[in-house]
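Student: Here is a sequence with its predicted model. Questions after.
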There are 2 protein chains.
Amino acid sequence: MSAPIDFYFDFSSPYGYLMSEKIDALAAQHGRKVRWHPILLGIVFKATGSAPLTSQNQAKATYSLHDFERSARFMGIPYHHPEKFPLATQNAARAYYWLDGQDCALARQFAHAAYRALFVDNTDISSPEAVLEIAAKIGVDRNDLAIALQSPDLKEKLKEQCEAALKAGVFGSPHIVIEGEAFFGADRLPQIGHWLKTGGF
Amino acid sequence: MSAPIDFYFDFSSPYGYLMSEKIDALAAQHGRKVRWHPILLGIVFKATGSAPLTSQNQAKATYSLHDFERSARFMGIPYHHPEKFPLATQNAARAYYWLDGQDCALARQFAHAAYRALFVDNTDISSPEAVLEIAAKIGVDRNDLAIALQSPDLKEKLKEQCEAALKAGVFGSPHIVIEGEAFFGADRLPQIGHWLKTGGF
């Protein structure tokens, strides 16, 4: 079996959310697994001198807000643009890595729940409390996670993941890497599917 | 018959070139025509505070250069990234509008020839001489066009087109508008097809 596909994303990224709803099933069609890497776009944009789509210029911001919803409809994915946007996602990302260290299936379940809380249910997922609430609903011990979210080791882990993403050439979200071949954006899904099918084109 | 689709592009835009090879046939499948609007991204980027993909940051530039060629292969379009890039395209755009005032089919033929000269044959199309050479090959009178390229009216015409594009919300290339619905990027072709088929989704 081939190596897993790498999926880099920020929990505040609309196109990252769209990718999160499709990439596992697409990979599975070709016998592949996906390794999820939540990262912080704030760190990536600071390093690369970039900015969120909705903070670049008015024309692009207006278009992007419209395109998030239209792209979701086109892909058959529910989407409601959150009132608080963009927002801080270090707590969600840290919770993901803590869960992933214990039970990768539970971490994946948490990632879907956090993304859907933000982009379907209009929940502000930035605070530790909001993250604990999402995690508790899928059976995670609230106290254990609350303690973990404060640990310097977990903060360091997320920092290392962001640095590793930058080294891997990540400049935005979602960013997919298949054996060194990078695909940026949810709109690259057709190319990703064709690449997995043909082994490169 | 419905109103024509508007296609805004810069002659130096790789994804604009990819769109130019597909949009007329896609529109025709749905009984629609396309109105082409060459514009200058330099003016658009100055107004919107943006920059070319290959001048933003190293990671994005490296990715974009790779993606231009991969996207072309995926779409079955020949592509060779030009040595001179980006480059000035005001002469090509002015030639387009001058031809379009006389013979819109010839203008379209010129646009394809200019794009292919740049992105297939590695020709620097920035100078008036290069544009005259491309136009002469499709039967345009070289002297007439040379005089036209110097005319203040034609310069004004291109300026007005760039201003109209900005007013229409254009922030990059390619930018397609179907009765007020905007689609940015060659990767929106599947959505454009679906939109034309369904009348909106």
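Tutor: Noted; the coordinates are in hand. Keep in mind that this is a model prediction, so the values were computed, not measured.

Student: So what touches stretch A:35-52?
Tutor: A:4-13, A:20, A:86, A:88-90, A:92-93, A:96-97, A:100, A:107-108, A:111, A:158-159, A:161-162, A:164-166, A:170-173, B:56-60 (CB atoms under 8 Å, 6 or more residues apart in numbering or on different chains). Quick note: C-beta positions are derived from backbone N, CA and C, even for glycine.

Student: Out of the residues you listed, which end up buried?
Tutor: Buried members of the contacts of stretch A:35-52, scored by 16 or more other CB atoms under 10 Å in any protein chain shown, are A:5-13, A:20, A:86, A:88-90, A:92-93, A:96-97, A:100, A:107-108, A:111, A:158, A:161-162, A:165-166, A:170-173, B:56-57, B:59-60.

Student: okay, and the helix or strand of chain A with the least pLDDT?
Tutor: One helix or strand of chain A scores below all others by mean pLDDT, DSSP states H and E: helix A:41-48, with a mean of 92.

Student: Convert the C-alpha atoms of that helix to CSV, please.
Tutor: Extracted in CSV, the C-alpha atoms of helix A:41-48 (Å, rounded to 0.1, in the frame of the first residue of the first chain):
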residue,chain,number,x,y,z
LEU,A,41,-2.6,30.1,8.8
GLY,A,42,-1.6,33.1,11.0
ILE,A,43,1.9,31.6,11.3
VAL,A,44,2.0,30.6,7.6
PHE,A,45,0.8,34.0,6.4
LYS,A,46,3.3,35.8,8.6
ALA,A,47,6.1,33.7,7.2
THR,A,48,5.0,34.0,3.6
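
Student: The helix or strand following it vs helix B:41-48, what angle?
Tutor: Proceeding N to C from helix A:41-48, the next assigned helix or strand is helix A:58-75, under DSSP states H and E. Helix A:58-75 runs at 100 degrees relative to helix B:41-48, counting by axes from the mean of the first three to the mean of the last three CA atoms, to 10 degrees.

Student: Now do the helix or strand following helix A:58-75: everything it contacts.
Tutor: As assigned by DSSP H and E, the chain's next helix or strand after helix A:58-75 is helix A:90-100. For helix A:90-100, the external contacting residues (CB under 8 Å, 6+ apart) are A:10-11, A:36, A:38-40, A:106-107, A:110-111, A:114, A:125-128, A:130-131, A:134-135, A:140, A:145, A:148-149, A:154-155, A:157-158, A:161.

Student: do stretch A:8-16 as well
Tutor: Taking CB under 8 Å, 6+ apart as the rule, stretch A:8-16 contacts A:19-20, A:36-41, A:44, A:68, A:71-72, A:79, A:81, A:85-89, A:92-93, A:111, A:114-115, A:118-119, A:125, A:165, A:168, A:170, A:172-177, A:185-187.

Student: if we can go back for a sec, so of the contacts of helix A:90-100, which ones are in strands?
Tutor: A:36, A:38 (DSSP state E).

Student: Please narrow the contacts of helix A:90-100 to those residing in helices.
Tutor: With DSSP state H as the criterion, helices contain A:106-107, A:110-111, A:114, A:128, A:130-131, A:134-135, A:145, A:148-149, A:154-155, A:157-158, A:161 from among the contacts of helix A:90-100.
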